[in-house]
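**Student:** Got a predicted model here, sequence first, then my questions.
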Amino acid sequence: MPTIANKTLEELRPGDTASSTRILQAADARAWANAFGDASLAAGEPAGQAPTGIITSVFAALVGTSLPGPGSQIRSLSLDVKDDLPAEGELVATLTVREVQPADKTALLDAKAVVGDKVIAEGTVLVTAPATSIKVDYADHRLDALLERARGLKPIPTAVVHPLSADALEGALDAAAAGLIVPVLFGPEADIRKLAADAKLDISGAKIVSTEDEADSAAKAALAAGKSEVGALMKGSLHTDVLLHAVLQKESNLRTGRLLSHAAVVSVPTYARRVIVTDVALNITPDTDQKADIVQNAIGLAIALGVEVPKVAVVAAVELVRTRMPTTVDAAVLAKMSDRRQIVGGIVDGPLDLDAAVDAEAAKIKHIVSPVAGQADIILVPNIDAGNLVYKNLVFMADSQTAGLVVGARVPIILTSRADTAVARRFSAAVAALYADALARNPEAILPTAAG
């Protein structure tokens, strides 16, 4: 679990600096307006006061977490907002100590916010510095940190399978521009080049493996992955079942003996930890054994993302075992399978209803004693209908950050949706890079060959 530490008044020096990076999404302005009652946005103003509010909040958070850190108090904050905040982009906020004033125990900080090479805001922050050292453990939350971690890795060669839509091709190029992947485009070369020209996309740096149709693209990409010529697969504009059929062919050498499953990594603004929801896109009505594989796959992904011992909540409509409700029986069986080390690497408990899985107070009120209740890292849903509803509710009604990956094969498969934003596609590429790196370094922890 990450730790943040402060700097006391005596430790602060002029020139000390701290920065944070926030990946902006189009929904950020709406989320800020809804949280703080900016009616001008609802009345038709393009952004109202949201850009100023977001930038101010980012600096306030940076004071509280980094400079000076926990125990600090803002006495005044003055900003000159120079430009509009873009709907999407990477906002970098920086604080620098200008002077320390021991007499009144304050420090004056210079503040600057930039997007790309454009200065969005500048100003100063006067803070009361903490008198004592404080360290605070916290759960990882936003997906921005995963993007930063992935950028520290070598870009992963990635087969982009049949990218014959502007969204699919642009998503791959965006991930490449972010330093996450090296795209290899599998598809009809003439069609790809025409699409790129029409969409004004630069593919000059990408290798193209020419194919005849969807099935040929999938087969050749899967074979390349099986030969370790690429380290990941990314779905283009072909049907998912065509891609996965190729992955599962024996000659592709990508099968591991485990079920393939989809894992959605979600950062919900109102839940202070990342959560993996599985399976929301692949397996329709998994049986108990299939659910065990889905859980094991998700545990491996959570470990790859930095969770030492993932906590898995097997959710149902109630938290008690009811023999007339098969999902509760499945949950109890999976929990016992974990106890018997048929599922390894995490802590599995269920049945838990969703509120008890993610809210400690709800679990307390219901008198639920569980090592998972209130702190789930993974939510196993009963079936694809429940999972898809939970996932899309979090995305479209809670303004969550998301990433999606198919796991269980020898390489990660980036499974994007037509409705995914460019930011979501980038996050998915980052998750794939981190997963592939962890799988190469410690395969038995990420994708155990046997559980028991």
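**Tutor:** Happy to help now that I have it.

**Student:** hmm, what's the outermost residue in the chain?
**Tutor:** Ala103 (44.4 Å; CA atoms, centre = their mean).

**Student:** and the gap between that one and Leu9?
**Tutor:** Ala103 sits 11 Å away from Leu9, taking CB to CB, to the nearest Å as the criterion. The way it works is simple: take the backbone N, C-alpha and C, and place the C-beta from them, glycine included.

**Student:** Can you pull out the low-pLDDT segments for the stretch 101-250 of the chain?
**Tutor:** By pLDDT under 70, the weakly predicted segments of the stretch 101-250 of the chain are 139-140.

**Student:** State the distance from the closest residue in space to Ile299 that isn't next to it in sequence to Ala302.
**Tutor:** Closest residue to Ile299 apart from its sequence neighbours, by CB to CB, 6 or more residues apart in numbering: Gly346 at 4.1 Å. Distance from Gly346 to Ala302, counting by CB to CB: 7 Å.

**Student:** list residues touching both of the two?
**Tutor:** Residues touching both Gly346 and Ala302 by CB atoms under 8 Å, 6 or more residues apart in numbering: Pro310, Asp377, Ile378.

**Student:** Apply the buried test to those residues and list what passes.
**Tutor:** Buried residues within those, counting neighbours by 16 or more other CB atoms under 10 Å: Pro310, Asp377, Ile378.

**Student:** The nearest residue to Arg322 once chain neighbours are set aside - how many residues pack around it?
**Tutor:** If the residues on either side of it in the chain are set aside, Arg322 comes closest to Thr328, at 5.1 Å by CB to CB, 6+ apart. By the criterion of other CB atoms under 10 Å, Thr328 has 24 neighbours.

**Student:** buried set for the helix or strand containing Thr328?
**Tutor:** In this structure, Thr328 sits in helix 326-339 according to DSSP states H and E. Buried residues in helix 326-339, counted by 16+ other CB under 10 Å: Thr327, Thr328, Val329, Asp330, Ala331, Ala332, Val333, Leu334, Ala335, Met337, Ser338.

**Student:** before we move on, what SS does the residue lying closest to the fifth one once chain neighbours are set aside have?
**Tutor:** For Ala331, ignoring the flanking residues on the chain, the nearest one in space by CB to CB, 6+ apart is Gly350 at 3.1 Å. Reducing the assignment at Gly350 to three states with DSSP: H, G, I helix; E, B strand; the rest coil gives strand.

**Student:** thought Gly350 was touching Leu380?
**Tutor:** Yes - if you go by CB atoms under 8 Å, Gly350 and Leu380 touch, sitting 7.5 Å apart.

**Student:** how much space is there between the residue nearest the centre of the chain and Thr128?
**Tutor:** What sits nearest the mean C-alpha location of the chain, by CA atoms, centre = their mean, is Leu143, with 4.1 Å. As for Leu143, its distance to Thr128 is 32 Å (criterion: CB to CB).

**Student:** now Val92
**Tutor:** Val92 is 26 Å from Thr128, by CB to CB.

**Student:** list the contacts for the residue nearest to Arg322?
**Tutor:** Thr328 makes contact with Ala316, Ala317, Val318, Leu320, Val321, Arg322, Gly350, Pro351, according to CB under 8 Å, 6+ apart.

**Student:** Tell me the pLDDT of the last one.
**Tutor:** What the model reports for Pro351 is a pLDDT of 94.

**Student:** Give me the helices and strands touching the longest strand anywhere in the chain, please.
**Tutor:** Longest strand of the chain, by residue count under DSSP state E: strand 89-101. Applying 3 or more CB pairs under 8 Å, 6 or more residues apart in numbering; DSSP states H and E, we find strand 89-101 packed against strand 17-24, helix 50-65, strand 106-115, strand 118-128.

**Student:** again, 6 Å this time
**Tutor:** The contact analysis (3 or more CB pairs under 6 Å, 6 or more residues apart in numbering; DSSP states H and E) places strand 89-101 against strand 17-24, helix 50-65, strand 106-115.

**Student:** can you pull the buried residues of the longest one?
**Tutor:** Okay, so that is helix 50-65. 50-56, 58-59, 62-65.

**Student:** and Gly152, how many residues sit next to it?
**Tutor:** Neighbour count for Gly152, taken as other CB under 10 Å: 10.

**Student:** Kindly apply the preceding question to Gly89 instead.
**Tutor:** 17.

**Student:** Pretty sure it sits against Ile23.
**Tutor:** No - checked against CB atoms under 6 Å, the pair Gly89 and Ile23 is beyond contact range at 8.0 Å.

**Student:** ok, back up a step: nearest to Gly171 among the helices and strands packed on strand 89-101 would be which one?
**Tutor:** For these, proximity to Gly171 was assessed by CB to CB; strand 17-24 is nearest, at 14.9 Å.

**Student:** quick check, distance from that closest one to the centre of its chain.
**Tutor:** Centroid separation for strand 17-24 versus its chain: 17 Å, with CA atoms, centre = their mean, to the nearest Å.

**Student:** now do stretch 438-451
**Tutor:** 21 Å.

**Student:** just stretch 98-105 next, same as before
**Tutor:** On the basis of CA atoms, centre = their mean, stretch 98-105 is displaced by 39 Å from the centre of the chain it belongs to.

**Student:** ditto for stretch 109-121
**Tutor:** Taking CA atoms, centre = their mean, one finds stretch 109-121 lying 25 Å from the centre of the chain it belongs to.

**Student:** where does the stretch 351-452 of the chain dip in pLDDT?
**Tutor:** 418-419, 450-452.

**Student:** Now do the helices in it.
**Tutor:** 354-358, 360-365, 384-396, 422-441, 443-446 (DSSP state H, counting those that start in this stretch).

**Student:** Turn those helices into CSV, columns for distance to Ala232 and mean neighbour count.
**Tutor:** What follows is the helices of the stretch 351-452 of the chain, written out as CSV (distance: least, CB to CB, whole Å; neighbours: other CB atoms under 10 Å):
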stretch, distance to Ala232, mean neighbour count
helix 354-358, 30, 23
helix 360-365, 36, 14
helix 384-396, 22, 17
helix 422-441, 5, 23
helix 443-446, 14, 16
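
**Student:** what about those, which gets the closest to Leu259?
**Tutor:** helix 384-396 (13.4 Å).

**Student:** Can I get that closest one in CSV? Just the C-alpha atoms.
**Tutor:** This file holds the C-alpha atoms of helix 384-396, laid out as CSV (Å, rounded to 0.1, in the frame of the first residue of the first chain):
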residue,chain,number,x,y,z
ILE,A,384,-22.8,-10.9,-17.6
ASP,A,385,-26.1,-9.0,-17.2
ALA,A,386,-25.3,-8.0,-13.6
GLY,A,387,-21.7,-7.1,-14.5
ASN,A,388,-22.6,-5.1,-17.5
LEU,A,389,-25.2,-3.1,-15.6
VAL,A,390,-22.8,-2.4,-12.7
TYR,A,391,-20.0,-1.4,-15.1
LYS,A,392,-22.0,0.9,-17.3
ASN,A,393,-23.7,2.5,-14.3
LEU,A,394,-20.3,3.4,-12.9
VAL,A,395,-19.0,4.6,-16.3
PHE,A,396,-22.0,6.7,-17.5
